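Student: Got a sequence here, can you model it:
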Amino acid sequence: MARIPALTLLVIALAACSSTPPAPPPAAPASSAASAAAPAGSAQAQAQPQPKAVDPAVIQALNDMGKYLQSLRQFEVFIDLSGERVLQDGQKLQHTATADLDVQRPDRLRARMRSARSQRDLIYDGKLVTLYSPAQKSYSQAEFSDNLGVLAQRLRERFGVEIPSADLFLWGTPAAPVDNIESAMNAGQDIVGGELCDHYAFRQGQLDWQIWIAAGNRPVPRKLVITNRSDEARPQSVTLYKWNLNPKFGNSAFAFMPPKDARKAEFVPLKATR
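Tutor: Just a heads-up that it's a prediction; the model follows:
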């Protein structure tokens, strides 16, 4: 049996949004711009209320979105991703990819990931997870039996494999905490894909991220933008979502039948680091 490493999927290659932003260091106390601009010792300036960096209503909107996503028993989502690669001279190159996800909770998934450089299918039937490369006609399999949120975390930690937009399975759960958000603001409303959306902006550690959530009683994310502030070039990734909340999945939707000429390869775990 051939032994090849499990390739990191499209979201990592594009520096896109499949992983939850890491917990930041403690935030510095917010300062009032009005107070800073006022003359020293001004009682009126000192009486100005300090602005709240984190708007509780925005956090509630994020929680409501997560709760709604967790309530969906099955859905199909079409994802367009773009990410920037910064050259040494500062020039930015943009690369794109797509992913189509068929999801049936708690433990069924088929993800089709495509770009000009890579083609990967990830299939999970609740007992076995398969990573298939159509171009190479090779596949790797591992036994697993847990929900999709746990699957996303275990694949990342053990094999370095990313499920595209895995946050869709984590938002609204303890795996995606909101108490480490340094700032959260309501940025108004925009139209995304012909749908009115509420626009929110957040800061966590070295990441700034924005999310556009569909207004109304189906608060699904429609757009996500992440900016990496640890790089002075501020590279961005953009994810656009198109939803089908009433899909019709056949019995074979989450089954994998390898082609006759396909070869099986082992998943290779990541090397342990000290």
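
Student: how many other residues sit next to the nearest residue to Asn244 once chain neighbours are set aside?
Tutor: In space, and not counting its chain neighbours, Asn244 is closest to Glu76: 4.1 Å by C-beta to C-beta, 6 or more residues apart in numbering. For glycine as for every other residue, the C-beta is placed from the backbone atoms N, C-alpha and C. Using other C-beta atoms under 10 Å, Glu76 has 19 other residues around it.

Student: Please enumerate the helices of this structure.
Tutor: Counting by DSSP state H, the chain has helices at residues 10-13, 33-37, 43-47, 56-71, 148-154, 167-170.

Student: Comparing these by mean pLDDT, which bottoms out?
Tutor: Among these, helix 33-37 has the lowest mean pLDDT, at a mean of 32.

Student: tell me the strands in the stretch 151-274 of the chain, going along the chain?
Tutor: 183-192, 195-204, 207-214, 221-228, 236-244, 263-266 (DSSP state E, counting those that start in this stretch).

Student: Out of those strands, flag the one nearest Gly126.
Tutor: Between Gly126 and those, the shortest gap by C-beta to C-beta is with strand 263-266, which sits at 20.3 Å.

Student: helices or strands next to the closest one in the packing?
Tutor: Strand 263-266 sits against strand 2-3, strand 138-143, with contacts defined as 3 or more C-beta pairs under 8 Å, 6 or more residues apart in numbering; DSSP states H and E.

Student: buried sites along that strand?
Tutor: Ala265 (16 or more other C-beta atoms under 10 Å).

Student: As CSV, could you dump the C-alpha coordinates of that strand?
Tutor: Extracted C-alpha coordinates of strand 263-266, given in CSV (Å, rounded to 0.1, in the frame of the first residue of the first chain):
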residue,chain,number,x,y,z
ARG,A,263,-5.1,3.1,-5.4
LYS,A,264,-5.4,3.3,-1.7
ALA,A,265,-2.9,5.3,0.4
GLU,A,266,-2.5,5.7,4.1
